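> model the structure of this input:
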Amino acid sequence: MKRNVKWSQAIVVTTMLLILVAVNWAIWAKERHLGEGEVVYLELAPVDPRSLMQGDYMALNFELANQIQSALFQGAVLQDEPQQASNGYVVVRLDEQRIAHFQRLDDGRALSNEERRLRYRLRHGQVRFATDAFFFQEGHAERYEPARYGQFRVNGKGEPLLVAMHGDELNKLGEMAR
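As a prediction, this is how the structure comes out:
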């Protein structure tokens, strides 16, 4: 009986250690992505004004997502196939300010120096980059109302992480004026 209890305790401790290692590895990977990822700005597209600011978050839609959705729809119509939930890559061109501009859906061709691949997800007919919402501290909505760009950090696999919101002239929003 005591042997079974010891084995059970050993299994519980080992499982907990494995979970802690996995969680810490995931945190380390995200921190590395945020610290070393390439900065890319995506232009915001209009969203339903009733859902723009809902409490402590902002609903997001990006112009690039609309362009991808249009290209996917045209491809589906040409192939006479319904859109499926999927993941994919889009090729964008970065301008001098690092703002991403739609070039084409990724077809495997080599990229020029100004081009990058960005990963997107298609869910419920909507194209998403990392998230569809930006969360902020309660009571700070007015700081984010002038948002025009989302700043992302993109890793070598093309996976974007939303970092901050920026205004017309790429000024970072949300920070207190000093």
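> for this structure, what helix or strand is lowest in average pLDDT?
For the chain, the helix or strand with the lowest mean confidence is helix 49-52, at a mean of 48 (criterion: mean pLDDT, DSSP states H and E).
> residue 128 contacts residue 65, correct?
Yes - using C-beta atoms under 8 Å, residue 128 is in contact with residue 65, at 7.0 Å. Any C-beta I mention is one placed from the backbone N, CA and C, and that applies to glycine too.
> between those two, which one's more packed in?
residue 65 (22 against 16; other C-beta atoms under 10 Å).
> list phi and psi for that one.
Dihedral pair for residue 65: phi -60, psi -40, per degrees, to the nearest 10.
> so who does it touch?
Neighbouring residues of residue 65 by C-beta atoms under 8 Å, 6 or more residues apart in numbering: 45, 120, 126-129.
> got it, and residue 151?
39-41, 162-166, 172.
> got a ChimeraX select line for the buried ones in these?
Remark: buried members of the contacts of residue 151, expressed as a ChimeraX selection using 16 or more other C-beta atoms under 10 Å:
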select :40,41,162,163,164,165,166
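> farthest-separated two in the contacts of residue 151?
40 and 172 (14.8 Å; C-beta to C-beta).
> for the protein, which segments count as strands?
Using DSSP state E, the strands assigned to the chain run over residues 38-43, 53-54, 57-59, 86-94, 100-105, 115-123, 126-128, 133-135, 149-154, 160-166.
> rank these by pLDDT, which is bottom?
In terms of mean pLDDT, the lowest-scoring of the strands of the chain is strand 53-54 (a mean of 54).
> doesn't residue 131 make contact with residue 60?
Yes - taking C-beta under 8 Å as the definition, residue 60 is a contact partner of residue 131 at 6.8 Å.
> convert the C-alpha atoms of stretch 14-31 to CSV, please.
Output of stretch 14-31 as CSV, limited to C-alpha atoms (Å, rounded to 0.1, in the frame of the first residue of the first chain):
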residue,chain,number,x,y,z
THR,A,14,7.0,14.5,-12.0
THR,A,15,3.8,15.7,-13.8
MET,A,16,3.9,19.0,-12.0
LEU,A,17,7.6,19.5,-12.9
LEU,A,18,6.9,18.7,-16.6
ILE,A,19,4.0,21.2,-16.6
LEU,A,20,6.2,23.9,-15.1
VAL,A,21,8.9,23.2,-17.6
ALA,A,22,6.4,23.4,-20.5
VAL,A,23,4.9,26.7,-19.2
ASN,A,24,8.2,28.3,-18.7
TRP,A,25,9.4,27.2,-22.1
ALA,A,26,6.3,28.8,-23.7
ILE,A,27,6.9,32.0,-21.7
TRP,A,28,10.5,32.1,-22.8
ALA,A,29,9.6,31.5,-26.4
LYS,A,30,7.0,34.4,-26.4
GLU,A,31,9.5,36.7,-24.6
